[in-house]
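Asks: Quick one: sequence and predicted model below, then my questions.
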Amino acid sequence: MTDTGTVETRPRRDRPGLRSRTVPVPLLVPALIGLAFLLLPLIALLVRAPWRSLPEQLTSPGVWEALRLSLVCATSATGLSLVVGVPLAWLLARTRFPGRGFVRALVTLPLVLPPVVGGVALLLAFGRNGVAGQWLDAWFGITLPFTTTGVVLAETFVAMPFLVISVEGTLKAADPRYEEAATTLGASRFTAFRRVTLPLIAPGIAAGAVLAWARALGEFGATITFAGNFPGRTQTMPLAVYLALQNDPAAAIALSLVLLAVSIAVLAALRDRWLTPP
Amino acid sequence: MTRSAPRARRIRQAAGVSAATLLALSACSPSGSDTGKGSAASSSPELSGTVTVFAAASLQESFTTLGKEFEKDHPGTKISFNFGGSDALAAGITGGAPADVFAAASTGTMATVTGGKAAAGPPATFARNQLEIATLPGNPDRITSLKDLTKPGLKVVLCDRTVPCGAAARKALNAGGLKLTPVSYEQDVKSALTKVELKEADAAVVYRTDVRAAGDKVEGVDFPESAKAVNDYPIVLLKDAPNPETAKAFMALVRSDEGQKVLSGAGFLEP
């Protein structure tokens, strides 16, 4: 049926339900413009990359230190987001409590907050002199700013909403009757969540985790504001790129290429493994 | 697609014509009106239009004041500022950003603009800025010298060496033969200062003008090594300036006695 509709346009117009392989022009043109808009800056980066000096730019130990720190922090931030973000998403999707809409809006706040403002807010909350931070300092002697833990927290703050939104969407689309059946058969609500809901929404969790990981990897504003910039401790790739840009754009482009290559490799590998659409 | 093409061409033509008219007009306007030094700014009735000034972030307070003064003295003119890190501004200018005047926080940054032939002439130094230590209010750690910053347990932030204030701090530390490991190399002088204002760091090496602008949220400590790392602030008229005559008058105001008074009030040294 679909094979016959490819060439002629008239049968398609007569029967709107018929699937066709031709793409309507009003969709194709904006789609191609959108694709070009996204790809052109990347192509420009590749065209203007300092290919000749690239090997020497990339052999400096600072690059790998920053890359290692970026990967460690982004992965830790994703882990932290999973541990608290999935239960939060479940709470928002499966329970009813007054002001739920408001709580959901608050969860998405870091999405609209300029990351630098997020960093200042984190300082005011968890800084040495912050609302909660002063007690952390007084009771446990823990100070978070200017530490690697600070980087992880800043990235989690910015990236977790992506995970929560994604998981909550999947939970809402998932049929709650499976869980209800499980509880009817005697499982506790937590067992039902663990044995029925989690496997059901695993693809959504994976997609959300990848999204959060990617966002954490590129995080700049909140990180530099909350955790500062010190090579090997808090200087992640985006910070190194920004500071190199100040006086050595060639080095900045080289660093960006590394970050780009690593993230594309990771995302492509993950996509093939877990995120293939059914 | 094909139908919109003639219209795009028409718009482009119109833009070209108006640009040409502007060029012709600016070419016609008398250019010998302010050959005098400084004082000319106060008596040129034909000044008009908007002047776009790209200026280093540390100039924000003083240049805003001077801009308002200029607009009051010359009704019909408008000084529009773009404050930011000198290097980022320089990159914008060499990349073709439409600006009339560029005022940088370091001669090195200025050189990237004048060397790239984007300037209309040689830059002139109009102010200088010296480093100072910013400590918490009341100076609880009793910091009196640059050497005190190397005390263990003290959280010090410096600017990254890629920005002018970091390069200057490094020069001062080298002059004193000191080795200092900060908790962070900040991306610009204002974020270094913010860390002290929020009491997250105990001290920062910043400019005198920043300490002055922060009021009583930080306390400034002078140190002798700062004399070895004074930053010159050059200003230049850009080659593709859309409004060169009014721009020149504004530059004259900056370098006049009146301008110098505002700048030294903000903590700048005379050139």
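Replies: Happy to help now that I have it. Numbers count the residues shown, from 1 in each chain, chains lettered A, B, ... in the order given.
Asks: okay, CA-based contacts and neighbour counts for the rest of this
Replies: Will do.
Asks: can I assume B:Ala127 sits in a strand?
Replies: Yes - following the definition DSSP: H, G, I helix; E, B strand; the rest coil, B:Ala127 is counted among the residues of a strand.
Asks: Any idea how many residues pack against it?
Replies: Summarising burial for B:Ala127: neighbours were counted as other CA atoms under 10 Å in any protein chain shown, giving 21.
Asks: Am I right that it is in contact with B:Leu269?
Replies: Yes - at 5.9 Å, B:Ala127 and B:Leu269 qualify as touching, with contact defined as CA atoms under 8 Å.
Asks: what do these two both touch?
Replies: Counting by CA atoms under 8 Å, 6 or more residues apart in numbering or on different chains, the shared contacts of B:Ala127 and B:Leu269 are B:Leu263.
Asks: Look up how far B:Thr107 lies from B:Lys72.
Replies: 31 Å (CA to CA, to the nearest Å).
Asks: If you count surrounding residues, which of the two has more?
Replies: Counted by other CA under 10 Å, B:Lys72 and B:Thr107 do not tie: B:Thr107 has more neighbours, with 20 against 12.
Asks: ok, now which ones touch the more buried one?
Replies: For B:Thr107, the contacting residues are B:Asn231, B:Asp232, B:Tyr233, B:Pro234, by CA under 8 Å, 6+ apart.
Asks: try 7 Å this time
Replies: B:Thr107 makes contact with B:Asp232, B:Tyr233, B:Pro234 under the criterion CA atoms under 7 Å, 6 or more residues apart in numbering or on different chains.
Asks: isn't there a helix covering the second one?
Replies: No - according to three-state DSSP, B:Tyr233 belongs to no helix; its state is strand.
Asks: residues near the closest residue to B:Arg161 other than its chain neighbours, how many?
Replies: The spatially closest residue to B:Arg161, leaving aside those adjacent along the chain, is B:Ala167, at 4.7 Å (CA to CA, 6 or more residues apart in numbering or on different chains). Close neighbours of B:Ala167, defined as other CA under 10 Å, add up to 17.
Asks: is it true that B:Ala167 touches B:Leu158?
Replies: No - proximity of B:Ala167 to B:Leu158 does not meet the contact threshold set by CA atoms under 7 Å, at 9.7 Å.
Asks: Now B:Leu237: phi and psi?
Replies: B:Leu237 has phi and psi values of phi -90, psi 130 when expressed as degrees, to the nearest 10.
Asks: Which elements pack onto the helix or strand where A:Leu91 lies?
Replies: Element membership for A:Leu91, per DSSP states H and E: helix A:61-94. With contacts defined as 3 or more CA pairs under 7 Å, 6 or more residues apart in numbering or on different chains; DSSP states H and E, the secondary structure elements packing on helix A:61-94 are helix A:148-173, helix A:198-217, helix A:237-247.
Asks: Select, out of those, the one closest to A:Phe190.
Replies: The stretch from these with the least distance to A:Phe190 (CA to CA) is helix A:198-217; that distance is 10.5 Å.
Asks: relative orientation of the closest one and helix A:237-247 in degrees?
Replies: With axes from the mean of the first three to the mean of the last three CA atoms, to 10 degrees applied, the angle from helix A:198-217 to helix A:237-247 works out at 20 degrees.
Asks: got the end-to-end distance for stretch A:127-136?
Replies: Here stretch A:127-136 reaches across 9 Å from its first residue to its last, counting by CA to CA.
Asks: Let me fix that, I meant to ask about stretch B:124-140.
Replies: One end of stretch B:124-140 sits 41 Å from the other (CA to CA).
Asks: Any chance you could list what contacts that stretch?
Replies: Taking CA under 7 Å, 6+ apart as the criterion, the residues outside stretch B:124-140 that touch it are B:196, B:199, B:202-208, B:211, B:216-223, B:226, B:230-236, B:255, B:268-271.
Asks: Out of those, list just those in helices.
Replies: Among those, DSSP state H puts B:Val196, B:Arg208, B:Val211, B:Arg255 in helices.
Asks: can you give me the helices in the stretch 1-150 of chain B?
Replies: B:4-28, B:60-73, B:86-94, B:107-114 (DSSP state H, counting those that start in this stretch).
Asks: and the last one, what's its mean pLDDT?
Replies: So the one you mean is helix B:107-114. Mean pLDDT, computed over helix B:107-114, is 88.
Asks: How about the longest one?
Replies: Throughout helix B:4-28, pLDDT has a mean value of 47.
Asks: from the chain's centre, how far out does stretch B:75-84 sit?
Replies: Stretch B:75-84 has its C-alpha centroid displaced from the chain centroid by 14 Å (CA atoms, centre = their mean, to the nearest Å).
Asks: Rounded mean pLDDT for it, please.
Replies: 92.
Asks: what sits against the residue of the stretch 1-150 of chain A at minimum distance from chain B?
Replies: Nearest residue of the stretch 1-150 of chain A to chain B (CA to the nearest CA) works out as A:Arg128 at 5.6 Å. For A:Arg128, the set of contacting residues under the criterion of CA under 7 Å, 6+ apart consists of A:Gln134, A:Asp137, A:Thr143, B:Glu200.
Asks: Double-check that it belongs to a strand.
Replies: No - when three-state DSSP is applied, A:Arg128 is found to be coil, with no strand at that position.
Asks: Name the residues of the stretch 151-271 of chain B found near chain A, please.
Replies: With the criterion set to CA under 7 Å from any CA of the partner chain, the stretch 151-271 of chain B comes near chain A through B:Thr162, B:Val163, B:Val183, B:Ser184, B:Tyr185, B:Glu186, B:Gln187, B:Lys199, B:Glu200.
Asks: can you list those in CSV and add neighbour count and pLDDT?
Replies: Output for those, formatted as CSV (neighbours: other CA atoms under 10 Å in any protein chain shown; pLDDT from 0 to 100):
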residue, neighbour count, pLDDT
B:Thr162, 19, 84
B:Val163, 24, 83
B:Val183, 22, 95
B:Ser184, 28, 95
B:Tyr185, 25, 95
B:Glu186, 29, 93
B:Gln187, 25, 88
B:Lys199, 21, 92
B:Glu200, 24, 93
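Asks: Next, give me the two most distant ones among those.
Replies: Farthest apart among those by CA to CA are B:Thr162 and B:Lys199. That separation is 24.6 Å.
Asks: out of the contacts of A:Arg128, which are inside helices?
Replies: Under the assignment DSSP H, the contacts of A:Arg128 contribute A:Gln134 to helices.
Asks: May I ask which two of the contacts of A:Arg128 are separated the most?
Replies: Every pair in the contacts of A:Arg128 was compared (CA to CA); the two farthest apart turn out to be A:Asp137 and B:Glu200, at 11.7 Å.
Asks: quick revisit: pick out whichever of the ones in helices among the contacts of stretch B:124-140 sits closest to chain A.
Replies: With CA to the nearest CA as the yardstick, the closest approach to chain A among the ones in helices among the contacts of stretch B:124-140 comes from B:Val196, at 10.9 Å.
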